[in-house]
Every structure is written in structure tokens, then in C-alpha cells.
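*Asks:* Dropping a prediction and its sequence here:
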Amino acid sequence: MSAKLKRALESHERWRREQCLNLIASENVTSPAVRRILGSDLGHRYTAPDHFYLGCKFTDQVEDTAGQLIRDVFGSEWADARPLSGHIADMTLLSAFTRRGDKIMTIGTEYGGYPGTSEVGFSRILGLVNLYFPFDKDRWNIQVEKTIELITNEAPKLVILGASYILFPHPVQQITKACNETGAVLAYDGSHVMGLIAGGAFQQPLKEGARILVGSTHKSFFGPQGGIIAAFRPEGERLEKTIFPAVMDNAHWNRIAALAQAFLEMKKFGRQYASQVIRNSRALAEALDERGIPVRCREYGYTASHQVLLDMDRLKDGAQVPDRLEQANVIVDRGIRLGTSEMTRRGMREKDMNDVAEIIAGIIHGQETTSVAKRKAIALAREFRQVRYA
């Protein structure tokens, strides 16, 4: 290893694992057991569904175990852990159920919809026509009656719920009938809320009417980076035919084994973890609001997920806030969308969200210097270095 690479890795580990408060909603932290599996011999190995490669009898057991765990946790009849990311899972979904010229319905990117399934994403490559859910910005959710009307009139082939900015459960049950009547396949991209779904604390899309659940495994779900698909058997068989060899070839089996371990941890600790994540989100939102930081959806309880959305339009110098927070070792995205998943897994509870809010408010209002806020952030982060719920 070169000295430059060694310094970069050691500096990153020390900074992000020991000295920062990570509030990026699309990140989490894995357990030591998961990290050990990621470094196993499986990371060197190759396999294929047609058994072209030999020496895979134990790899097959890993695949079977992961699939069974996904089916158990989400209540599906079919599951696949091979997608390398949530984006690959979305690509598989679009490829399996649409043809050029078909219409699909998603949430618009201006409301946090995923760009990968928008008109600038993979649907552009496939030649699809994008329709967008009518959206209520005040409630931060789709408008049910207008959505049903749009589905009835436009008859999209595929309707995908879920978003990157998601505060509240989507009305899956309310739009299922319209999808069934028009022949639309109803899918749910649970990338951000997968851990909350797995923990039974948000909603259960497959029990509420969705036929397919796709998403990533490293946001509110505390697995390694990757993707999964869970579905009922008819849809699963169609997805199976699409995955190999069109969308996926070799899978990363060390990741899949590590994901299976994360699912075991989720089965044991998921309900406790997911409930605490949501309590922490609400506590953080309330604490920020009390300190004069504009938080969306106060009248609706702020949030029911791992996310807190700040109202950028009302935030003074909002574009500069993420950089100022980073200088104080508080890591956010440019949304500003605050996530509580990682800090929850490191052991934080509601009372600790007050301390986090105090640091954030001090920076935003200019009440504290960056150096003072940074010292506070480092001191708080060092209290929560051990991974919990594992």
C-alpha cells in the first residue's frame, strides 16, 4: 500500500467513524460481523445461474439463505439479492414490465422522486413516457384522488411509489384498485425506508397491495451497499427472466452473504431499531423547530420516517449551510435532508437529538464559531462509536 493511500484511508476512518455526526439519509453503518463477511473469500469467487462455474456448492447455500431471509422479512413469495444497487433493481423492474412507448408513473424529482426512473434516467434509454403523481407539497405526499383519476385516464403499465425524500407512508391501499382495474403493475421503491419496512415501523407495501418491492440495502436498512427485489411469484418469474444475463451477470457473493447477516440482525433487532429511528427523527425535527430552524410538515408531526426535511426556501443562505456544517463535522447532503439512521445505530436516543440540534442551530444562526461547534460534534460523536442493534 502506498503512503498516500494509507494516509487517505486512515484519515477517512478516523474522521467519519470517530469524529463526525453523520446525518446523510442515504447512509448507515454496518456491524462488525457484516464487515468481516465482506472481506471473506467469497469476494474472489464467480458463479452463474447455469452452473457454468464449479466449486459453488456453498455459494448456492448463501444465495438460498439470503433469499429465504428476504422472503421472511418482507412477506414475499420470490426474492433476489443479486442486484448490485437499488438502481440496478429499478433497471430490472423497468426492463421486465415495460416496452418502448409505454407509460410509467413516478414521483417527480422536484418532490424527491428518484432521477433514475425519471425522463432523464433509465426510462429515457428504454423510450418510456413518464407520468408523475399529483403531489401535495404541504403534506409531502401524493394526492390520492387526482392520482386515481390519472391512472384511470392514462393507464400506465407500471406505477412506482417511493422517493428519495420521503416523510410519510404512501397511500398504497388507496391506489391499488385503480391499478388493478387498468392492468398497471404497482411497485414500491423502498430504497430509503427499507429498514423501517423490515422493522415493521413504517408500512408494509406487499401486504397493502404492491406486487413488487425494490430498493437499496444501505440507507435505513443497515446492510452493505447493494439492492434487492421482493415480489409475488408471477411478477418474480418475469423478473427472473430479465435479470440474467441482460441486467446482471456475476453477483458479488461476499456482499450477499454480508446482506444475509444484516437480515439476521434485522429479524432480531429490527422492530426496536426502526421505532427508535422514527422517534429520533421526530425529536430532531422538534428540537430544530424550537430553535428557529424551518422544518417541513410541522402540522403533520414533521415525519414518520428516518428523514427530516428542512425548508430550504425559508433557510437563510441555505446553499452555504451544508458546507458550513461539514466544516463543523456535521455531515449532511445538499437537500437539506437530515437522516437519523446511522446515529440511531450508534446508540443515540431522543435526548441526544437535542444536542445534535443545538450544534446545527448554532452553525445556521451564526451563534457559534465553526471551531467551537466542531469540538462539540467530535465530543458527541466519540460517545457513540459502538454499533448497536447487532
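*Replies:* That came in fine, so what should we check first?

*Asks:* Select the longest helix from the protein.
*Replies:* Across the chain, the longest stretch assigned as helix under DSSP state H is helix 253-290.

*Asks:* Please name the nearest non-neighbouring residue to residue 387.
*Replies:* Excluding the flanking residues, the one nearest residue 387 by CB to CB, 6 or more residues apart in numbering is residue 31, at 5.1 Å. All C-beta spots, glycine's among them, are computed from the backbone N, C-alpha and C.

*Asks:* buried sites along the longest helix of the chain?
*Replies:* For helix 253-290, the neighbour count (16 or more other CB atoms under 10 Å) marks 253-266, 269-270, 273-274, 276-289 as buried.

*Asks:* And for stretch 140-155?
*Replies:* Buried residues in stretch 140-155, counting neighbours by 16+ other CB under 10 Å, are found at 140, 141, 142, 144, 147, 148, 150, 151.

*Asks:* Out of those, list just those in helices.
*Replies:* Among the buried residues of stretch 140-155, DSSP H puts 144, 147, 148, 150, 151 in helices.

*Asks:* Which stretches in the stretch 201-350 of the chain count as helices?
*Replies:* Applying DSSP state H, counting those that start in this stretch to the stretch 201-350 of the chain gives helices spanning 205-208, 233-242, 253-290, 321-327, 341-345, 350-364.

*Asks:* What is the longest one packed up against?
*Replies:* Of the remaining helices and strands, those touching helix 253-290 by 3 or more CB pairs under 8 Å, 6 or more residues apart in numbering; DSSP states H and E are helix 32-38, helix 57-74, helix 194-198, strand 307-309, helix 341-345, helix 350-364.

*Asks:* Looking at the buried residues of stretch 140-155, which one is closest to residue 108?
*Replies:* Nearest to residue 108 among those: residue 142, at 10.1 Å, using CB to CB.

*Asks:* Please look at the closest one and residue 172 and confirm they touch.
*Replies:* No. Contact between residue 142 and residue 172 fails when scored by CB atoms under 8 Å: they sit 10.5 Å apart.

*Asks:* Mutual contacts of these two, please.
*Replies:* Common contacts of residue 142 and residue 172 (CB atoms under 8 Å, 6 or more residues apart in numbering): residue 161.

*Asks:* domains for the chain, by residue range?
*Replies:* Listed by automatic domain parsing, the domain ranges of the chain are 33-263, 270-382.

*Asks:* closest to residue 11 out of these?
*Replies:* That would be domain 270-382 among these, by CB to CB, at 13.2 Å.

*Asks:* Residue 386 contacts residue 345, doesn't it?
*Replies:* No. Using CB under 8 Å, residue 386 makes no contact with residue 345, being 9.7 Å away.

*Asks:* neighbour-wise, which of those two wins?
*Replies:* Here residue 386 and residue 345 are set side by side on neighbour count (other CB atoms under 10 Å), and the busier one is residue 345, at 25 against 10.

*Asks:* ok so, going back, closest to residue 76 among the ones in helices among the buried residues of stretch 140-155?
*Replies:* Nearest member of these to residue 76, counting by CB to CB, is residue 151, at 23.5 Å.

*Asks:* From residue 96, how far off is the closest one?
*Replies:* According to CB to CB, to the nearest Å, residue 151 stands 20 Å off from residue 96.

*Asks:* Tabulate the domains of the chain (TSV), appending distance to residue 26.
*Replies:* Below are the domains of the chain laid out as TSV (distance: least, CB to CB, whole Å):
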stretch	distance to residue 26
domain 33-263	5
domain 270-382	7
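
*Asks:* To residue 17, which of these lies closest?
*Replies:* Across these, closest to residue 17 is domain 270-382 (CB to CB), at 8.7 Å.

*Asks:* mean confidence score for that closest one?
*Replies:* Domain 270-382 comes out with an average pLDDT of 96.

*Asks:* how far out from the middle of the chain is it?
*Replies:* Between the centre of domain 270-382 and the centre of its chain there are 18 Å (CA atoms, centre = their mean, to the nearest Å).

*Asks:* for it, how far is the first residue from the last?
*Replies:* Distance between the boundary residues of domain 270-382 (CA to CA, to the nearest Å) amounts to 24 Å.

*Asks:* Is it correct that residue 169 is in contact with residue 202?
*Replies:* Yes. Assessed by CB under 8 Å, residue 169 is found in contact with residue 202 at 5.9 Å.

*Asks:* overlap in contacts of the two?
*Replies:* Common neighbours of residue 169 and residue 202 (criterion: CB under 8 Å, 6+ apart): residue 304.
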